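Q: One predicted model, sequence on top.
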Amino acid sequence: MANNSSPPQPQGTHADRVDDDGGAPAKWKVIGPGLVVAAAGVGAADMVATLVAGSKYGYGLLWAVILGVILKIILVEGAGRYTLATGKTIFEGWRSLGKWTTWYFGPYIMIWGFVYGATAMSSAALPLAALFPGIPLWAFAIFMGLAGFVMVWFGRYATFEKITAVLVGIMFVTVVGLAVIAAPNLPEMFTGLVPTIPEGGVVYTLALAGGVGGTITLAAYGYWLREKGWYTPKWMKVMRIDNSMAYVMTGIFVIAMLIVGAEVVRSAGVSLSSGDEGLLDLYDVLKAEYGDFVGTGFLVGFWAASFSSIIGVWNGVSLMFADFWGNMRGRESGHPDTRVGGKYFKFYVLWLTFPPMLLFILGKPIGLILAYGVLGSLFMPFLAITLLGLLNGSRVPKAWANKLHTNIALGITALLFIVLGIQQLVDAVMKAFSQGTEPARKPSRTALPPR
């Protein structure tokens, strides 16, 4: 585990810095920051999006899932490479690009945390409420929030990493096991490797290519590298292996969900509900098709995916906020106040946990949901474009700057996320205003719209 009190290094000495391991050779272990960032990024909303795509188009969008994995590997590698090459955090890099980055990121992280906190708690509560229907959803939601709060507030990074690994193991075994039971049509799967967009499938294609595997948590990767004790360029090769293997595992998980959508949901002829509730529809189908054991096992995997997102965000995004606020208060990145357990870190853990519980009472305040949707749709284009700025020119040592092929890949990634962001922006505006005009309906099992 990293030493949280490590002093900031003087300017210009980063390449000569000795890591917390005393200078031992860099070795890769299966459990690392890559597994954490991948686990935090795959939530219930991603599972539903993949299920729906599989139920509508079979294996036709398998290529888009693989493309999405490659894009996330490129983005996370860029964030990790900048941190290891310079010794600076991603927020320090953003500040070097101009004040506009701070004016965007500051409001975004506060609004996003408030709305996401309630959404994440509700998502993790849904499978528990299905298993124990006598207890109200809001009670489970609050319990999930408090459980995540306690683990992150009192834990350290090494403990958090181990808990995440257990949750990833549960979700991986249950979902991949379900895909095996569903018996995928292998010849049809291979045809899905040919890039084609089904009629009416543009939105789903963009969503699978760009939406699966995290948003703001991708930028937290550099902070987790630091907490792990990986500071210097000697970890560059290990970081790339760590990141790639984690997202390959994510890809297998998402492909398993696509198989379930194509083989189980499609065969059953059911339409899944939007948002996290779609997974409860799948639970009903699995229980009818394979029995209670398989259905209950899936709910456990659903819970593990949702809860891993809670603790991942509670830890990683709190580190990002702590660094942001520390910089605003004149603290250098790496100051104890900005690390795990520091006062700025703890403030944001509180912010993610307790104020969002008010939304279980308030419902869906239109203005807040609109701001959340607008700012959220801009984050992935923001990350992709700023990485292009940070990984070229004088902001990074020449040895670790982008090569031509990396710039092309990041440019394509930025373009895709701009298009996807515009589409999400339009959706956010339309949904927010439709909520304000549509008549009252029967209360949903979810407290908030999906992420």
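A: All right, it came through fine.
Q: can you list the weak-confidence ranges in the chain?
A: Of all residues in the chain, those with pLDDT under 70 make up the ranges 1-13, 15-16, 18-24, 28, 30, 210-214, 274-275, 363-374, 432, 435-451.
Q: any idea which helix is longest in it?
A: For the chain, the helix that runs over the most residues, judged by DSSP state H, is helix 292-328.
Q: Who are the packing partners of the very next helix or strand once past that one?
A: Note on helix 292-328: by DSSP states H and E, the next helix or strand toward the C-terminus is helix 343-353. Applying 3 or more C-beta pairs under 8 Å, 6 or more residues apart in numbering; DSSP states H and E, one finds that helix 343-353 contacts helix 99-131, helix 137-154, helix 292-328. All C-beta atoms are positioned from the backbone trio N, CA, C, and that covers glycine.
Q: Report the angle between the last one and helix 343-353.
A: Taking axes from the mean of the first three to the mean of the last three C-alpha atoms, to 10 degrees, one finds that helix 292-328 is oriented at 140 degrees with respect to helix 343-353.
Q: Can you list the buried residues in helix 292-328?
A: Within helix 292-328, the residues scored as buried using 16 or more other C-beta atoms under 10 Å are 294-327.
Q: by how many degrees do that helix and helix 137-154 diverge?
A: For helix 292-328 and helix 137-154, the angle between their directions (the same axes, to 10 degrees) works out to 50 degrees.
Q: now helix 292-328, how far from the chain's geometric center?
A: 8 Å (C-alpha atoms, centre = their mean, to the nearest Å).
Q: Also the second one?
A: From the chain centre to the centre of helix 137-154 is a distance of 19 Å (C-alpha atoms, centre = their mean).
Q: The helix or strand just after it vs helix 137-154, what angle?
A: Reading on from helix 137-154 to the C-terminus, the next helix or strand found by DSSP H and E is helix 157-182. With the same axes, to 10 degrees applied, the angle from helix 157-182 to helix 137-154 works out at 140 degrees.
Q: Can you name every helix or strand that helix 157-182 contacts?
A: Against helix 157-182 (3+ C-beta pairs under 8 Å, 6+ apart) you get helix 33-41, helix 137-154, helix 221-228, helix 236-260, helix 292-328.
Q: Buried ones in the fourth one, by neighbour count?
A: Neighbour counts using 16+ other C-beta under 10 Å place 236, 238-240, 242-247, 249-251, 253-260 of helix 236-260 among the buried residues.
Q: Give the other helices and strands that whichever helix or strand comes after it contacts.
A: Going down the chain from helix 236-260, the next helix or strand is helix 266-268, by DSSP H and E. Here helix 266-268 touches helix 44-57, helix 277-290, going by 3+ C-beta pairs under 8 Å, 6+ apart.
Q: Flag every buried residue along the last one.
A: Put plainly, it is helix 277-290. Across helix 277-290, burial judged by 16+ other C-beta under 10 Å covers Glu277, Gly278, Leu279, Leu280, Asp281, Leu282, Tyr283, Val285, Leu286, Lys287, Tyr290.
Q: one step back: reformat the helices and strands packed on helix 266-268 as a markdown table; add distance to Thr205.
A: Compiled in a markdown table, the helices and strands packed on helix 266-268 are given as follows (distance: least, C-beta to C-beta, whole Å):
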| stretch | distance to Thr205 |
| --- | --- |
| helix 44-57 | 8 |
| helix 277-290 | 19 |
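Q: Tell me which of those lies nearest to Arg266.
A: Closest of the helices and strands packed on helix 266-268 to Arg266 is helix 44-57, at 4.7 Å (criterion: C-beta to C-beta).
Q: Which residues does the closest one contact?
A: Under the contact criterion C-beta atoms under 8 Å, 6 or more residues apart in numbering, helix 44-57 has outside partners 61, 64-65, 123, 126, 175, 198, 201, 204, 207-208, 211-213, 254, 257-263, 265-266, 270-272, 274-276, 278-279, 282, 302, 305-306, 309, 450-451.
Q: again with stretch 85-97
A: So stretch 85-97 is contacted by 9, 14, 17, 79, 82-83, 101-102, 105, 219, 222-223, 226, 231-233, 236, 320, 323-324, 327, 333, 386, 389-390, 395-397, 399-400 (C-beta under 8 Å, 6+ apart).
Q: how much does the longest helix of the chain deviate in direction from helix 221-228?
A: With the same axes, to 10 degrees defining the directions, helix 292-328 sits at 90 degrees from helix 221-228.
Q: What angle do helix 236-260 and helix 292-328 make with each other?
A: If you take the same axes, to 10 degrees, helix 292-328 sits at 140 degrees to helix 236-260.
Q: who's in contact with the closest residue to Trp351 other than its chain neighbours?
A: The spatially closest residue to Trp351, leaving aside those adjacent along the chain, is Gly113, at 5.5 Å (C-beta to C-beta, 6 or more residues apart in numbering). The neighbours of Gly113, taking C-beta under 8 Å, 6+ apart as the test, are Val317, Phe321, Tyr348, Trp351, Leu352, Pro356.
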